[in-house]
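**Student:** pasting the structure only:
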């Protein structure tokens, strides 16, 4: 028994240093979103030509609980909620069925972007970190965008970073503003001018050219290499050479797409990066690596008036929970030792106190075996049972000590005292654990496991 005790202590200590640390359990929320962007469309057009067509195709997807949608100017957002009573495998099968049905939707407007299907997880809702890149001096959106994208690439290269999602970054666009009077002067409509621009700014496949045993792909390249070259497109051709160019009837400028998000840090224009880590990675280690990456990146910036800071840090949650657990463990061991020392002596009190770290380390071994990380939920569970762990030991020790005081030999007192209270102690423990078994939702499922195992270990 002493050898088993030592083995469990050593194994638990080694596993503790290697156990993944998360903020929250890595789990799916049984929710999928379908986002379709149709720039320039009104909410009524989005509802009629996008949202309804997608909903008609996915309305009988298996395993869904409900489907609700939002149609707004330029975008359709459809949310599918799956039933919570399904197993993870069934939920994944339903998600794949949803993907297949979405692929069958082929009658959307030609200028709408393909629907984007995403499955919502805890990393989507609560990213590990949120980085703010803000302009502290004169605001230049192009410069801020370039720095943010470079920082995104740098952070994405950090080990165990799975995704870096930018917020507030607008894609570059070429804006062509036509002069209505100039168009009417040359007898052109806005639609005709648009067709001319499209026809003169496209690349088309031109077949293949065989040369011996090799084959060369031919392609007609007609896209402008620089946005300024668009001004040289001939909107009206003249035999005399007096062509009307696009720059004669329109103003061309490089700008950004219409803003859907606006981010500010301390009142200054900013862009945001939300960071998610890979499953099983240590959140605290990833956070430290990202902080070092940001420090190195900012030291090498070619612009002075840019501030890069961590605006939201969810690792603070698990850090505070671990601090609470350490304090509870330390204070609990001292108080239990002092109280038992006065009542049953030094040796017996030491035996009871040793059971506290032993039970926690056994729980750590169990967490590793079933794939549970050290997160806010599992640590909360351990904090919850800190006081329960020594209850049974105190009852047994006090009964043994009672027989020792009556002059019964120690070995015999241990057998008699333990036998007398064994069933009451076991029954009381099972009753305490029984009430935790119903807590089996995907968010709270670590709670019964992490409260049952330490108490069983202490028994």
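**Tutor:** Yep, it's here. Model, not experiment: these values are computed from the prediction.
**Student:** in the stretch 301-450 of the chain, where is pLDDT below threshold?
**Tutor:** 386-387, 432-433, 435-450 (pLDDT under 70).
**Student:** and the strands in it?
**Tutor:** 306-313 (DSSP state E, counting those that start in this stretch).
**Student:** helices of that one, start to end?
**Tutor:** Taking DSSP state H, counting those that start in this stretch to define them, one finds helices in the stretch 301-450 of the chain at 315-344, 346-370, 376-384, 391-405, 410-434, 446-458.
**Student:** quick one: end-to-end distance for stretch 153-167.
**Tutor:** Criterion C-alpha to C-alpha, to the nearest Å; first-to-last residue distance in stretch 153-167 is 15 Å.
**Student:** what mean pLDDT does that stretch have?
**Tutor:** Averaged across stretch 153-167, the pLDDT comes to 88.
**Student:** show me how far that stretch is from its chain's centre.
**Tutor:** Distance of stretch 153-167 from the chain centroid (C-alpha atoms, centre = their mean, to the nearest Å) equals 12 Å.
**Student:** and what of stretch 323-337?
**Tutor:** Distance, centroid of stretch 323-337 to centroid of chain: 33 Å (C-alpha atoms, centre = their mean).
**Student:** same check, this time on stretch 104-124
**Tutor:** 19 Å.
**Student:** list the contacts of that stretch.
**Tutor:** Contacts to stretch 104-124, defined as C-beta atoms under 8 Å, 6 or more residues apart in numbering, come from residues 24-29, 31-41, 49-50, 53-54, 57, 95, 98-99, 102, 162-163, 276-277. To be clear about C-beta, it is placed using only N, CA and C from the backbone, and glycine gets the same treatment.
**Student:** of those residues, select the buried ones using a PyMOL command.
**Tutor:** Here is the PyMOL command that selects the buried residues among the contacts of stretch 104-124 (16 or more other C-beta atoms under 10 Å):
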select buried, resi 24+25+26+28+29+31+32+34+36+37+38+41+49+50+53+54+57+95+98+102+276+277
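**Student:** in strands, which of the contacts of stretch 104-124 fall?
**Tutor:** 28-29, 31-37, 162-163, 276-277 (DSSP state E).
**Student:** tabulate those (JSON lines), appending distance to residue 326.
**Tutor:** Below are the ones in strands among the contacts of stretch 104-124 laid out as JSON lines (distance: C-beta to C-beta, whole Å):
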{"residue": "28", "distance to residue 326": "31"}
{"residue": "29", "distance to residue 326": "31"}
{"residue": "31", "distance to residue 326": "35"}
{"residue": "32", "distance to residue 326": "39"}
{"residue": "33", "distance to residue 326": "39"}
{"residue": "34", "distance to residue 326": "45"}
{"residue": "35", "distance to residue 326": "43"}
{"residue": "36", "distance to residue 326": "49"}
{"residue": "37", "distance to residue 326": "48"}
{"residue": "162", "distance to residue 326": "29"}
{"residue": "163", "distance to residue 326": "32"}
{"residue": "276", "distance to residue 326": "28"}
{"residue": "277", "distance to residue 326": "24"}
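**Student:** return the member of those nearest to residue 4.
**Tutor:** Lowest distance from residue 4 to those (C-beta to C-beta) belongs to residue 277, with 36.2 Å.
**Student:** so the closest one touches residue 284, yeah?
**Tutor:** No: assessed by C-beta atoms under 8 Å, residue 277 is found out of contact with residue 284, at 10.5 Å.
**Student:** where's the residue lying closest to residue 156 once chain neighbours are set aside relative to residue 274, distance?
**Tutor:** Nearest-residue entry for residue 156: residue 164, 5.0 Å, with adjacent residues in sequence omitted and distances by C-beta to C-beta, 6 or more residues apart in numbering. To residue 274, residue 164 is 7 Å away according to C-beta to C-beta, to the nearest Å.
**Student:** likewise residue 260?
**Tutor:** 16 Å.
**Student:** the two: who's more crowded?
**Tutor:** residue 274 (19 against 13; other C-beta atoms under 10 Å).
**Student:** so who does that one touch?
**Tutor:** 127, 129, 130, 131, 164, 165, 166, 167.
**Student:** 7 Å instead?
**Tutor:** 127, 130, 165, 167 (C-beta atoms under 7 Å, 6 or more residues apart in numbering).
**Student:** make CSV out of those and add secondary structure.
**Tutor:** Output for these, formatted as CSV (DSSP: H, G, I helix; E, B strand; the rest coil):
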residue, secondary structure
127, coil
130, strand
165, strand
167, strand
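**Student:** among the residues you listed, name the buried ones.
**Tutor:** Here, 16+ other C-beta under 10 Å leaves 127, 130, 167 buried among those.
**Student:** pick the one among those closest to residue 381.
**Tutor:** residue 127 (24.0 Å).
**Student:** thanks a lot, catch you later.
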